[in-house]
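1. no FASTA, just this:
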Ligand code: C2E
Ligand code: MG
Ligand code: MG
């Protein structure tokens with residue numbers, strides 16, 4: 001017998017759904033109670049024994065014992081089922097009758113088990129009715145096919161009634177499974193057929209054997225009630241193999257540490273939810289959640305603390321989401337959530353925010369107080385895709401957006417996706433773009449906050465696509481990195497920037513230039529030679545060139561990065577860590593890499609004047625960086641208040657739209673020329689006298 005219980009208690013569920021659930025459960029309870037009453041009014045449980053007391057008592061005992069050790073089947077979501085081997089004894093009673101007695105024994109057994117397991121009165125009432133309806137339906141089918149009176153007394157089973165007995169068994173199985181599947185389907189917003197399919201996978205063989213044993217058991221028990229214990233052997237074998245099979249099935253579909261669904265089960269559920277979404281025109285949300293600094297916790301506090309943290313995360317995720325959500329652990333510190341039937345993407349983002357709020361509350365492991373930080377990406381079907389692969393990929397893209405932008409939750413945005421058709425088309429054009437000079441450089445000035453002079457510029461690449469127009473680096477640098485084309489771009493930018501610097505120098509303009517390099521360049525042992533050759537060709541002093549590598553770039557493979565950075569330093573170029581604060585590197589760690597310059601990421605700077613937290617972070621970063629002997633650049637300065645504030649805390653250099661956006665060479669030169677002269681300083685206009693000559697040359 002399958003018994004179900006939905007664990008929706010205490011969890012938010014959509015009101016419409018919970019009404020449907022209450023209505024269905026109430027209906028089943030009422031139907032069961034009325035049916036039981038009707039049967040017992042006409043046939044009291046103790047009547048109709050017909051002198052077969054021993055047989056009936058033995059069967060009752062067998063049924064009772066069969067209920068005692070159920071085989072639990074956890075669906076890994078809000079519901080659990082169990083299979084019991086009492087099915088065989090219950091069916092024997094259904095076949096032989098009397099039904100009033102069968103109902104009574106089954107109900108006492110269920111009540112005993114439910115009370116022992118502390119199930120709620122509602123669940124007990126539902127289980128009671130579920131059994132009543134199942135047994136009565138099976139008896140009705142048997143008595144109809146075998147021409148027995150429905151309320152007849154005990155009647156021995158005869159072999160020619162085998163067909164009727166098996167039909168009763170199938171009815172028993174189907175009614176029972178349908179009742180519980182319907183509850184689970186309503187609670188979990190799935191279709192009954194889908195739940196039935198999932199359940200059949202678990203239960204078909206076991207239930208088949210239990211049903212098939214009923215006629216055999218009937219004949220045994222009639223021959224002698226004492227033969228019944230012999231039947232216990234195959235029943236125990238069924239119990240054991242079912243337990244093992246279910247355990248195996250559970251293991252293959254669940255994460256052993258957290259008990260959550262694994263990737264496989266998540267995919268299956270997502271596929272079903274998406275099919276339902278296409279059928280019913282509803283929306284499905286998929287979220288990917290990634291914990292921050294998980295590796296550091298594992299490394300510093302040990303794997304046990306890491307494991308406990310993951311278990312806590314799993315618990316909090318489940319507790320904070322609606323009962324019908326599927327939460328899965330995809331691996332490591334990555335989790336996924338599937339929520340069927342969301343109203344809108346706003347609702348999904350709201351749920352993701354609520355989930356992260358629950359997640360980030362501090363908790364203690366042993367004596368240690370930990371807080372969990374995480375980022376979540378949300379994609380909503382069918383808006384963002386209608387197959388599992390696409391929707392998960394897009395939730396993942398959104399999660400990386402959230403990480404990069406230091407936002408907690410991000411909804412998928414196609415413009416940030418490298419996998420859209422537009423990106424794939426760009427990919428094909430990229431090589432031609434690099435080789436046929438469609439790339440060019442723009443320069444963004446860097447202002448020395450101590451002197452007020454523009455001392456350098458950052459070279460930033462642009463792609464002038466023949467049909468698509470101007471393309472920003474954010475759109476093609478990752479593409480180039482993923483396809484090995486970045487080396488070509490870096491070489492182009494480096495040579496072009498050095499050529500430009502030499503021209504400026506010839507014109508008497510003393511500037512430094514910064515060039516961005518990619519994490520891929522850091523993995524290329526030949527890269528330092530390329531830089532050395534470019535410098536030699538240009539004849540410039542190496543310290544005029546600063547190479548910027550992002551913090552996450554350094555941290556991708558620190559060992560390899562160190563080797564290349566060491567070689568670059570030996571050449572004499574300056575090294576800067578770009579976008580500092582967006583990755584996981586500590587300043588002290590970066591200092592060991594012997595870098596010269598730290599560029600604080602613009603996400604901290606743009607709100608510097610408004611957000612006190614950013615103010616504190618920037619001030620302490622500047623102090624610490626100075627103590628470590630680093631030069632500090634603030635990028636993303638967008639207003640005068642920020643510029644003044646940065647100057648006050650002793651930040652060395654500023655860069656940002658407030659000074660100027662990145663400009664093509666000529667515009668950059670004009671901009672520089674138009675700057676007012678500095679007080680007590682040989683101003684740019686004076687400096688630019690030779691430069692003007694250069695420009696007109
Ligand atoms: P980055 O190196 O951090 O460059 C700074 C980016 O911030 C530039 O975007 C710049 O236009 C933008 N920015 C400057 N001031 C402000 C401001 O005040 N507010 C805001 N909101 N943004 C500001 P851009 O040029 O689109 O470059 C984006 C990123 O692309 C660069 O970030 C860099 O990581 C990469 N990149 C650009 N050129 C190259 C290159 O030649 N090689 C490589 N490997 N990467 C490059
Ligand atoms: Mg940069
Ligand atoms: Mg930057």
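-> Yep, that arrived. Predicted model only: the values in this text are computed from it and were never measured. Ligands and ions are numbered 1, 2, ... in the order given.
2. longest strand in the protein, by number of residues?
-> Looking across the chain with DSSP state E, the single longest strand is strand 454-465.
3. shaky segments in this structure?
-> When residues are selected by pLDDT under 70, those of the chain lie in 1-17, 48-51, 68-83, 202, 296, 365-368, 416-421, 584, 677-697.
4. for it, which residues are neighbours of ligand 2?
-> Contact residues (Cβ under 5 Å from the ion) of the chain with ligand 2: 516, 548, 578. In this view, the C-beta of every residue, glycine as well, is placed from N, C-alpha and C.
5. each with direction, which strands does the longest strand of the chain pair with?
-> Pairing partners of strand 454-465, with direction, according to DSSP bridges: strand 439-448 (antiparallel), strand 469-471 (antiparallel), strand 512-517 (parallel).
6. before we move on, the earlier item: closest to residue 424 out of the residues of the chain next to ligand 2?
-> When the residues of the chain next to ligand 2 are compared for distance to residue 424 (Cβ to Cβ), residue 516 comes out closest, at 24.2 Å.
7. give me the number of residues near the closest one?
-> The local packing of residue 516 (other Cβ atoms under 10 Å) involves 25 other residues.
8. which residue, other than its chain neighbours, is closest to it?
-> When the adjacent residues along the chain are set aside, residue 516 lies closest to residue 548, with 4.8 Å between them (Cβ to Cβ, 6 or more residues apart in numbering).
9. so is that neighbour in a helix, a strand, or just coil?
-> strand (DSSP: H, G, I helix; E, B strand; the rest coil).
10. tell me the contacts of the closest residue to ligand 1 within the stretch 251-400 of the chain?
-> Proximity of the stretch 251-400 of the chain to ligand 1 (Cβ to the nearest ligand atom) peaks at residue 400, 14.7 Å away. Under the criterion of Cβ atoms under 8 Å, 6 or more residues apart in numbering, the contact list for residue 400 reads residue 377.
11. show me the domain layout of this protein.
-> Residue ranges for each domain of the chain read 18-242, 263-416, as given by automatic domain parsing.
12. of these, which approaches ligand 3 most closely?
-> Distances from ligand 3 to each of the domains of the chain were compared by Cβ to the ion, and the smallest falls on domain 263-416, at 11.3 Å.
13. okay, now residue 321: neighbour count?
-> Applying the criterion other Cβ under 10 Å, we find 22 residues in the vicinity of residue 321.
14. from memory it sits against residue 327, does it?
-> Yes. Taking Cβ atoms under 8 Å as the definition, residue 321 is a contact partner of residue 327 at 6.5 Å.
15. just list what the longest helix seen in the chain packs against, helices and strands only.
-> For the chain, the helix with the greatest residue count under DSSP state H is helix 192-223. Under the contact criterion of 3 or more Cβ pairs under 8 Å, 6 or more residues apart in numbering; DSSP states H and E, helix 192-223 touches strand 2-6, helix 53-68, strand 71-74, strand 79-83, helix 86-96, helix 162-188, helix 228-253.
16. tell me the most buried of those?
-> With neighbours taken as mean count of other Cβ atoms under 10 Å, the helices and strands packed on helix 192-223 reach their highest mean count in helix 86-96, at a mean of 29.
17. mind checking how far the very next helix or strand once past that one is from the chain centre?
-> Sequence order places helix 99-116 as the next helix or strand after helix 86-96, per DSSP states H and E. Relative to the mean C-alpha coordinate of its chain, helix 99-116 is positioned 43 Å out (Cα atoms, centre = their mean, to the nearest Å).
18. list the buried residues of helix 99-116.
-> The neighbour-count criterion (16 or more other Cβ atoms under 10 Å) identifies 99-107, 109-111, 113-114 as the buried residues of helix 99-116.
19. perfect, I'm done here.
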